[in-house]
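Trainee: What follows is a predicted structure for the sequence shown.
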Amino acid sequence: MKKYITKRLLEIIPVLFIITFVVFVLMYHAGDPVAMMLPDEASQEDRENMREALGLNDPFIVQYGNFLKDISTGNFGESIRYNTQALPLVIERLPASFELAGVAMLVAILISIPLGIWSANKRNTVTDLFITGGSVLGKAMPNFWLGIMLILILAVNVQIFPVSGRGTLVHLVLPAITLGTSIAAEMTRLVRSSMLDTLGQDYIRTASSKGVPYFKVVVSHAFRNTLIPVITITTLQLSIVVSGSIITESVFQWPGLGLLLVQAVNARDMAVVQAAVFIIAILVIVVNLITDLIYVLIDPRIKYS
């Protein structure tokens, strides 16, 4: 296991290198940062002096080398909007994003697992059709549309929940439902499919023929063997949580990393964009590694190699 972890950690290095290169190239061709930093009335000489001071007149490879040198020390530059270092600003927003993502995943799990199991046990019935149809509908609904509908109905008309902001558990309800719905839709279909495959196995029929209560057969035998694909899809949904949170945080003005990234892109705040993308990439890599380590705890048949 130690060798496996070491190998995976070493594999992260080239991945991060590629990510830094892609991010730098995108920012390199995104426009002239000097135009954003200086007022319109600034002279051409002032612009050239600032470009020289920032190293923007250097060749591409030199600029990229300086970029790698800076980020190796955690220096992504200074935000032109907030006048502070970009990395601490991004890290400051992480707790809010983790809070929203964690509650959204909890909402998705609480919805998808019971519905997936119920749908599998009611195969080809009206209940199954209703659940699978609801899953397709939930997957098809855009996050921003669902968020706006929830705001109009539950925040504006009924006035049960606040429209936006962060501070109490009540503020979490609408954003978490908005973000968790699409995740729950995908997970429900996977749980249903995995349960159907497992319920058709010989050992399930054997357990039932021995008089084991059906509920115990489903929960202790069938569902346990569906955990690996469920954990897999849950991990893969992280990308949806990250991308979806950008929209959700913007709709509800949730002060997390997603909202910061949108504001940075609109303001052409390159330093913040680079820091945010880099941190998101690291989070995805770390979660994938943790998921691989969890596999062996659930299924002893899986060995590290």
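Mentor: Received the coordinates, thanks.
Trainee: what about I109, distance to L115?
Mentor: Distance of I109 to L115, computed by CB to CB, to the nearest Å: 11 Å. (C-beta placed from N, C-alpha, C; glycine too.)
Trainee: so who does P229 touch?
Mentor: By CB atoms under 8 Å, 6 or more residues apart in numbering, the contact list for P229 reads L190, S194.
Trainee: Give me the phi and psi for it.
Mentor: phi -60, psi -30 (degrees, to the nearest 10).
Trainee: if I look at it, how far off is M50?
Mentor: Taken as CB to CB, the span from P229 to M50 is 54 Å.
Trainee: Repeat that for L190.
Mentor: Plainly put, L190 is 53 Å away from M50 if you go by CB to CB.
Trainee: go on, V173?
Mentor: Noted for V173: a distance of 47 Å to M50, by CB to CB.
Trainee: about what we covered before: more neighbours: which of L190 and M50?
Mentor: Remark: of L190 and M50, L190 carries more neighbours, 20 against 15, as counted by other CB atoms under 10 Å.
Trainee: ok, the residue lying closest to that one once chain neighbours are set aside - contacts?
Mentor: Spatial nearest neighbour of L190, excluding adjacent residues (CB to CB, 6 or more residues apart in numbering): I233 at 4.8 Å. By CB under 8 Å, 6+ apart, the contact set of I233 is E186, M187, L190.
Trainee: phi, psi of I233?
Mentor: Phi and psi for I233, reported as degrees, to the nearest 10, are phi -70, psi -30.
Trainee: go on, E78?
Mentor: phi -110, psi 140.
Trainee: Wait, it touches T84, no?
Mentor: Yes: counting by CB atoms under 8 Å, E78 touches T84, with 6.7 Å between them.
Trainee: Which residue of the two possesses the greater neighbour count?
Mentor: The neighbour comparison of E78 against T84 (other CB under 10 Å) goes to E78, with 16 against 13.
Trainee: Quick one: residues contacting that one.
Mentor: Residues near E78 by CB under 8 Å, 6+ apart: T84, Q85, A86, A271.
Trainee: now do 6 Å
Mentor: With contact taken as CB atoms under 6 Å, 6 or more residues apart in numbering, E78 is in contact with Q85.
Trainee: Please apply the same query to Q274.
Mentor: V23, M27, F76.
Trainee: before we move on, the earlier item: I109 and L115: which has the busier surroundings?
Mentor: Neighbours per residue, other CB under 10 Å: of I109 and L115, the larger number sits with L115, 23 against 17.
Trainee: That one should be in a helix, yeah?
Mentor: Yes: assessed with DSSP: H, G, I helix; E, B strand; the rest coil, L115 lies in a helix.
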